[in-house]
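In: show me the folded form of this:
(chains A and B)
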There are 2 protein chains.
Amino acid sequence: MSTIDTYDDFLGHVRRLTNVGNVEEMLSWDQQVMMPAGGQPARSKQQSTLSSLEHELLTDDALAAYLDDAEGDDLDPEQEAVVREIRRKQRRAVRVSNDLVEDISETTSNALATWEDAKAESDFDAFAPTLERLVELKREYARQIDPDRDPYEVLFEEYEPYLGIDTTEQILERLRDELVPLIEEIEASDVDLAQPFDGTYEETAQEELNRAVLDSLGYDWDRGRLDTSSHPFTLGTQFDCRITTRFDESDPLDALSSTIHEFGHATYNLGLPKEDYGTPLGQDRDLAVHESQSRLWENHVGRSQAFWDLIWPHVQEHLGVDGDARAGFEAANQIYPDNRIRVEADELTYHMHIILRFEIERDLIRGDLDVEDVPEVWNDKMESYLGVRPENDAEGCLQDIHWSHGYFGYFPTYSLGSVLAAQLYATAESALDGLEGQIREGDFDPLHDWLTEQVYQHGQRYTTPELIRKATGEAFTADYFVDYVETKFGDLYEL
Amino acid sequence: MSTIDTYDDFLGHVRRLTNVGNVEEMLSWDQQVMMPAGGQPARSKQQSTLSSLEHELLTDDALAAYLDDAEGDDLDPEQEAVVREIRRKQRRAVRVSNDLVEDISETTSNALATWEDAKAESDFDAFAPTLERLVELKREYARQIDPDRDPYEVLFEEYEPYLGIDTTEQILERLRDELVPLIEEIEASDVDLAQPFDGTYEETAQEELNRAVLDSLGYDWDRGRLDTSSHPFTLGTQFDCRITTRFDESDPLDALSSTIHEFGHATYNLGLPKEDYGTPLGQDRDLAVHESQSRLWENHVGRSQAFWDLIWPHVQEHLGVDGDARAGFEAANQIYPDNRIRVEADELTYHMHIILRFEIERDLIRGDLDVEDVPEVWNDKMESYLGVRPENDAEGCLQDIHWSHGYFGYFPTYSLGSVLAAQLYATAESALDGLEGQIREGDFDPLHDWLTEQVYQHGQRYTTPELIRKATGEAFTADYFVDYVETKFGDLYEL
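Out: The predicted model follows:
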């Protein structure tokens, strides 16, 4: 189709590839936020055309030939980074057969409806054959990419290519070992945190509050939007990055924490270098780093006493709540160990939901667990980690959509993001003089500038471990996260 | 890149081409309705990638080879239609050199800013060199497509491929000869039509009215949306066709007529056959037929006494207007010959604005008029057709954006659409028993079903003249339009 002779030709090809991918994201945003329901049949066909064009661009022979040559060339560090990132994606794409891609695509698109029905009926047996098939297909997918490596690690690298499964397992084991006793202590505490949000709060009032909070945080409305969707998400580039939230009239903290979380994702994308739009240097560094930004803003900023001091006048104005900023801060930090649903979990118990999913999906893919045993293992782990047992599979192993999409290896990135957020935030606290006071004053520029300098501006120039070491001076570690939760919840629950 | 051996391969290729085009339209909708302003740089690059991919699909050697063979094959009528339409587009695309396409693209993208500045300063001389260059480039474009034919006709066929420039010229000359004296008579009439809309009408109230009117007309909200944009437009397919309008607080008729106009465009697209999505059989039959549907609903339905009887309770409810439905009907049919601006023109004088543009652009492209003479010729024609002379070029020959986009041959389709609307509507009146009464009752199903059967369901199966003959039993003619305006305005102005 084309020849790629020079680095500039190569960049042109990469930019086309990126543009097609960004358009696919835009269509997905439209589908979830704006599209009338009847538009789905045409939209599916449009998405399918774009993803096959993207696949053709990535598996183009001319691209392969250029990459083969370029790896011996004398490239500067930025060029090397671009070649490294494109080679990684290209290698995965060319190794997987078209038949398998189609098989996975067809199986997952049918799996969604099967999962929905099974969840509605709380009937795991109805989903089990589909899950069995998905596990087989994804193992084969990993095998085609690299037959000599742990298939779970190969799948995990789709979402987090550089941290490595060993580091990930160590981090998650550490969290499990530290958090289980901490959660038990909290449960045994007789401290009652304040609950000032006990009324009904209209959607329009909540939306005004969320917009005011985004104003305070410095969201750039000239490059963004806030809309609603059934699941909050963020999509876009450094030129146009949009967030969504959702409103529950009985729980204004739900929208507020979602909005701040999505702001974190968006502010990362909006901080990517504009001049590198269209190449890996202008793209985010995968899911663990992305989630670190959403968690940093949601938890370290948005669940701090200083932040609640800042926004309390807005909360009172829009929601008419009694009490003081301390009450808001306490409400935002309630721990509910008896909750069985991941997406409703608090900042702390959330990780137990992730760890049990990680352990189960890893063992499924490695062949160490049979599909039929998933419900019991799930419920046992839940009981062991959180002291509660799901009453049925709908609130147990059928609760999440991810496996029906074929996403195995995705869950761990949520916890890795929180752990990295704590490490980055602790470094920022040392680097910046009086960060807490700045937050209380609504002066987010120093934190934003620090994150831009340390993380956002680099795009994919560095691998994840390199980026972490450059930003924090250390290897990736859970020390700061453990310290953060022990201090915060120790104080709150008087442990 | 690919081989196209069978008709099914060919259809698969055509569907990809259509999907890419539909995605480009979706991005354009987003850009005009939803995109934050800062998103433009990335959006331009995304659009450019998609249009180059579309061009590559259309000029693919495998497609050319298939079309060469297929034209000798034994195809059924539907297959023949698909081959005919793709061949027509493909032939134009392969004949034009990439250099020229790039030159036109670069010149038009710079032309926009030059035109905006020139219009703001009312300084034609500032735009003249750009217009000169655009005329040259578009003449060369026509020459590359077909050096042996009238270049204006070749350009016109981009928007209306089958009606032919001779027919078009005859129709427009007939309109000019019939409408100029009619407009003079109206000007001389001492009838004063009612003007009940003399207040200020809030945007929210107007929006409710427009939504109520769309409900009455039967707009399918499950496949559509109403939003606002600086210029009203319609974009989409049979699965998802969205309209926009705009609100002027001092003139609620502006939004109302725009909304009904766009409803007409949308109802055509929504009536295209779903099973043919992605091929010419599932696409609209170009601009003249499209405009006939917007004008039919806007004017023949939306400016009728019966329609005003139907919607008057809504108008009173949302706008709180005094008077009766007759007053609304009269207000919707006011003629303003002293207006100099096309987009603000009434149903009748509108065509004089089109005819003068057509005559000027045709002569420019044919080399019968020099760019430097455009302002004077424009003003002379305006005076001759409407009895008014623009006071400056901003309200004269600089008022429209079209030429700065390189659109030469587009303007005539507006008038052709009105003429065809009258012919189709007259046929529908004969075919349906009591159409006026149905409109008064809000029963639009018979008209909608008739249009679906005669026009919408055929997509591009027939050429425009074939479609007109099948629907009306006659060749394309201005008789019905002339009769319609003479009757309606003769009655209103007591001529």
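
In: host element of the residue lying closest to residue A:405 once chain neighbours are set aside?
Out: Distances taken as Cβ to Cβ, 6 or more residues apart in numbering or on different chains place residue A:108 nearest to residue A:405, at 5.7 Å, with adjacent residues excluded. Every residue, glycine included, has its C-beta placed from N, CA and C. Using DSSP states H and E, residue A:108 falls within helix A:98-121.

In: next helix or strand past that helix?
Out: Helix A:98-121 is succeeded, C-terminally, by helix A:124-145 (DSSP H and E).

In: check the offset of that following helix from the chain's centre.
Out: 23 Å (Cα atoms, centre = their mean, to the nearest Å).

In: try stretch A:291-302
Out: The answer for stretch A:291-302 is 11 Å, by Cα atoms, centre = their mean.

In: and the nearest residue to residue A:97 once chain neighbours are set aside, what does it touch?
Out: Once flanking residues are discounted, residue A:97 sits nearest to residue A:144: 6.5 Å by Cβ to Cβ, 6+ apart. By Cβ atoms under 8 Å, 6 or more residues apart in numbering or on different chains, the contact set of residue A:144 is A:95-97, A:100.

In: for residue A:439, same thing?
Out: Contacts of residue A:439 were listed using Cβ under 8 Å, 6+ apart, and they are A:301, A:304, A:306-307, A:310, A:447.

In: and those as CSV, adding secondary structure?
Out: Listed next are the contacts of residue A:439 as CSV, based on DSSP: H, G, I helix; E, B strand; the rest coil:
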residue, secondary structure
A:301, helix
A:304, coil
A:306, helix
A:307, helix
A:310, helix
A:447, helix
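
In: pick out the most distant pair among those residues.
Out: A:310 and A:447 (12.9 Å; Cβ to Cβ).

In: what is the burial count for residue A:266?
Out: By the criterion of other Cβ atoms under 10 Å in any protein chain shown, residue A:266 has 27 neighbours.

In: give me every residue that touches it.
Out: A:219, A:224, A:234, A:236, A:241-243.

In: nearest to chain B among these?
Out: Using Cβ to the nearest Cβ, residue A:224 is the member of the contacts of residue A:266 that lies nearest chain B, at 5.8 Å.

In: show the model's pLDDT score for that closest one.
Out: You'll see residue A:224 listed with a pLDDT of 98.

In: what of residue A:371?
Out: pLDDT, residue A:371: 98.

In: that one and residue B:105, how far apart?
Out: 55 Å (Cβ to Cβ, to the nearest Å).

In: ok, those two, which is more surrounded?
Out: residue A:371 (18 against 13).

In: next up, the contacts around that one.
Out: Counted by Cβ under 8 Å, 6+ apart, residue A:371 has contacts A:128, A:131-132, A:135, A:364.

In: kindly recompute the last result at 6 Å.
Out: Contacts of residue A:371 were listed using Cβ atoms under 6 Å, 6 or more residues apart in numbering or on different chains, and they are A:128, A:131-132.

In: which members of the residues you listed are classed as buried?
Out: A:128, A:131 (16 or more other Cβ atoms under 10 Å in any protein chain shown).

In: give me every residue in the stretch 251-400 of chain A lying close to chain B.
Out: Remark: the part of the stretch 251-400 of chain A in contact with chain B comprises residue A:277, using Cβ under 6 Å from any Cβ of the partner chain.

In: what about the helices in the stretch 251-400 of chain A?
Out: A:252-270, A:286-295, A:305-319, A:325-332, A:350-366, A:374-386 (DSSP state H, counting those that start in this stretch).

In: okay, those in JSON lines with mean pLDDT next?
Out: Below are the helices of the stretch 251-400 of chain A laid out as JSON lines (pLDDT from 0 to 100):
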{"stretch": "helix A:252-270", "mean pLDDT": "98"}
{"stretch": "helix A:286-295", "mean pLDDT": "98"}
{"stretch": "helix A:305-319", "mean pLDDT": "97"}
{"stretch": "helix A:325-332", "mean pLDDT": "97"}
{"stretch": "helix A:350-366", "mean pLDDT": "98"}
{"stretch": "helix A:374-386", "mean pLDDT": "97"}
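
In: of the ones you listed, which approaches residue B:475 most closely?
Out: helix A:252-270 (57.6 Å).

In: could you point out the longest strand of chain A?
Out: strand A:241-245 (DSSP state E).

In: what comes up buried for the helix holding residue A:108?
Out: Those would be A:100-101, A:103-104, A:107-108, A:111, A:114-115, A:118-119, for helix A:98-121 by 16+ other Cβ under 10 Å.

In: same question for stretch A:304-314.
Out: A:304-312, A:314.

In: just the closest of the residues you listed to chain B, please.
Out: residue A:314 (22.9 Å).

In: for the closest one, which non-adjacent residue is closest in space?
Out: Closest to residue A:314 by Cβ to Cβ, 6+ apart is residue A:212, at 4.6 Å.

In: just the pLDDT at residue A:73, thanks.
Out: For residue A:73, pLDDT reads 76.

In: surely it forms part of a strand?
Out: No - when three-state DSSP is applied, residue A:73 is found to be coil, with no strand at that position.

In: how near is it to chain B?
Out: For residue A:73, the distance to chain B equals 26 Å [Cβ to the nearest Cβ, to the nearest Å].

In: quick one: contacts for that residue?
Out: Contacts for residue A:73 (Cβ under 6 Å, 6+ apart) come out as none.

In: where does the stretch 1-150 of chain A have low pLDDT?
Out: A:1-2 (pLDDT under 70).

In: enumerate the residues of it near chain B.
Out: Counting by Cβ under 6 Å from any Cβ, the residues of the stretch 1-150 of chain A close to chain B are A:1, A:16, A:19, A:22-23, A:36-39, A:41-42, A:45-46, A:49.

In: quick one: residue A:468 and residue A:474 touch, right?
Out: No - counting by Cβ atoms under 6 Å, residue A:468 stays clear of residue A:474, with 7.6 Å between them.

In: all good on my end, thank you.
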